[in-house]
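1. let me see the structure of the following:
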Amino acid sequence: MAYNWQPTADIATIKRRAQYLADVRRFFAERDVLEVETPILSLAAPTAPYMDSFTTDFMPLGSSSKQAYYLQTSPEFAMKRLLAVNLGSIYQIAHVFRNGEQGRLHSPEFTMLEWYRPELSLIQLMDEVNALVQQVFHLNSILRLSYRGVFEFYAKLNVLTCSDQQIEQCALALITGLPIDLKLDRDGWLELLLSHIIEPRLAAMNLAVFIYDFPASQAQLAKIKKDDAGNDVADRFELYIKGVEIANGYNELLDADELQRRFTEDNKRRQDQAMVEMPIDNNLLAAMKSGMPECSGVALGFDRIIMLALNKQDIQAVQSFTFSHS
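-> Have a look, this model is predicted:
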């Protein structure tokens, strides 16, 4: 049997990736942001229904009992526990794992750059992301558009005030090939419009764009605030470059009771979708209750931004060994 043992990425890309890592570390060192490391394995895992975690079993020597552990999908929960002891601004370059995700833009194992800035507002964090994108990866400066604004421009729909039925009708009218009996919730239809209508338009225009002020139902771990029209919105942003989602930033939620409510609601949706419930991270909730500083944070797909910076068409082209060759 012949084995395809050679790296997926070419030698020049592997060397350039190493330089990007060094440049990222220099970028944060110049800003007095501390590099940290947190465990890859955890007893808890994200509850979000759109995400599946890898599991493994720990068996103590001499014991027949097993304890399930989860590979991190993000270092977020552990990093927030460090924030709660007032460590200050921190960042991490972490290997993360998401079960089932594979394709041109996805890998079950990939590298995430994540950082938290107690000193910065969400707007200031966007400025810092912009600086990183330009200084380290030499990509264009980034426009800023509201979620409501991009949907009004591309779909002629005010998604913060219209009905669920209007969103569904808009999706069925604009996206060809959808079955007329397709059943999705409000956010499901919005996600279809975003991925099938808006992202391709951004890609065609070759724009780098921050989309901010998401619907409150998509707050995830962000605070909820009022926008300039008085609508409840999630105080978070996503960065798209050439139509590809690169980063996700939050004005971080600090209310442990609200976070527990969201985790519980996520698990209820998982149940409704016949998915396995996930164990809630009680260590994170305890850390929040002890007092976590006001903070903005962002997670950035390191492989994806290298792919775009080097004009590669597939995430595998910037990984030394891909999931199928590891």
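2. mind checking pLDDT for Ser64?
-> On the pLDDT scale, Ser64 is placed at 85.
3. need the per-residue pLDDT for Ser326.
-> 68.
4. Lys183 too?
-> Predicted confidence (pLDDT) for Lys183: 89.
5. now stretch 73-82, how far from the chain's geometric center?
-> Between the centre of stretch 73-82 and the centre of its chain there are 13 Å (CA atoms, centre = their mean, to the nearest Å).
6. an error on my part: the question was meant for stretch 23-37.
-> Worked out by CA atoms, centre = their mean, stretch 23-37 lies 20 Å from the chain centre.
7. stretch 220-237: end-to-end distance?
-> End-to-end distance of stretch 220-237 (CA to CA, to the nearest Å): 11 Å.
8. mean confidence (pLDDT) on it, please.
-> Across stretch 220-237, the average pLDDT comes to 96.
9. please apply the same query to stretch 102-116.
-> The predicted model assigns stretch 102-116 a mean pLDDT of 95.
10. please point out which parts of that stretch sit buried.
-> Buried residues in stretch 102-116, counting neighbours by 16 or more other CB atoms under 10 Å, are found at 105, 107-116. For glycine as for every other residue, the C-beta is placed from the backbone atoms N, C-alpha and C.
11. point me to the helix or strand that includes the residue lying closest to Ile180 once chain neighbours are set aside.
-> Ranked by CB to CB, 6 or more residues apart in numbering and with sequence neighbours excluded, the top spatial neighbour of Ile180 is Leu172, at 6.7 Å. Using DSSP states H and E, Leu172 falls within helix 164-174.
12. Asp23 too?
-> Asp23 is part of helix 11-29 when elements are defined by DSSP H and E.
13. by mean pLDDT, which helix or strand of this structure comes out lowest?
-> Sorting the helices and strands of the chain by mean pLDDT, DSSP states H and E puts helix 199-204 at the bottom, at a mean of 89.
14. pretty sure the residue nearest to Ile180 contacts Leu184?
-> No: the pair Leu172 and Leu184 fails to qualify as a contact (CB atoms under 8 Å) at a distance of 10.7 Å.
15. coming back round to it: in the least confident helix or strand of the chain, which residues are buried?
-> Buried residues in helix 199-204, defined by neighbour count with 16+ other CB under 10 Å: 199, 202.
16. check stretch 19-38 too.
-> Result for stretch 19-38 [16+ other CB under 10 Å]: buried residues 20-21, 24, 27-28, 31, 33, 36, 38.
17. quick one, strands of the protein?
-> 34-35, 41-42, 55-58, 67-71, 90-97, 109-117, 143-146, 208-215, 224-226, 232-241, 244-251, 296-301 (DSSP state E).
18. can you tell me which of those is nearest to Ala2?
-> Closest approach to Ala2 among the strands of the chain is made by strand 109-117 (24.2 Å; CB to CB).
19. quick check, distance from that closest one to the centre of its chain.
-> The answer for strand 109-117 is 9 Å, by CA atoms, centre = their mean.
20. got a list of contacts for it?
-> 24, 28, 33, 74-76, 79-80, 83, 89-98, 124-125, 128, 252, 295-303, 315, 319, 323, 326 (CB atoms under 8 Å, 6 or more residues apart in numbering).
21. again, 6 Å this time
-> Where contact means CB atoms under 6 Å, 6 or more residues apart in numbering, the residues beyond strand 109-117 that reach it are 75, 83, 89-97, 125, 295-297, 299-300, 302-303, 323.
22. mind giving me the ChimeraX command for buried ones among the residues you listed?
-> Selecting only the buried entries of the contacts of strand 109-117 in ChimeraX, with 16+ other CB under 10 Å as the criterion:
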select :75,83,89,90,91,92,93,94,96,97,125,295,296,297,299,300,302,303,323
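23. now the strands of the chain as TSV including distance to Pro7?
-> Formatted as TSV, these follow (distance: least, CB to CB, whole Å):
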stretch	distance to Pro7
strand 34-35	26
strand 41-42	27
strand 55-58	26
strand 67-71	23
strand 90-97	17
strand 109-117	15
strand 143-146	36
strand 208-215	29
strand 224-226	45
strand 232-241	25
strand 244-251	23
strand 296-301	20
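24. state the number of residues packed around Leu284.
-> 24 (other CB atoms under 10 Å).
25. so it sits against Phe77, correct?
-> Yes: shown here, Leu284 and Phe77 form a contact pair, counting by CB atoms under 6 Å, at 4.6 Å.
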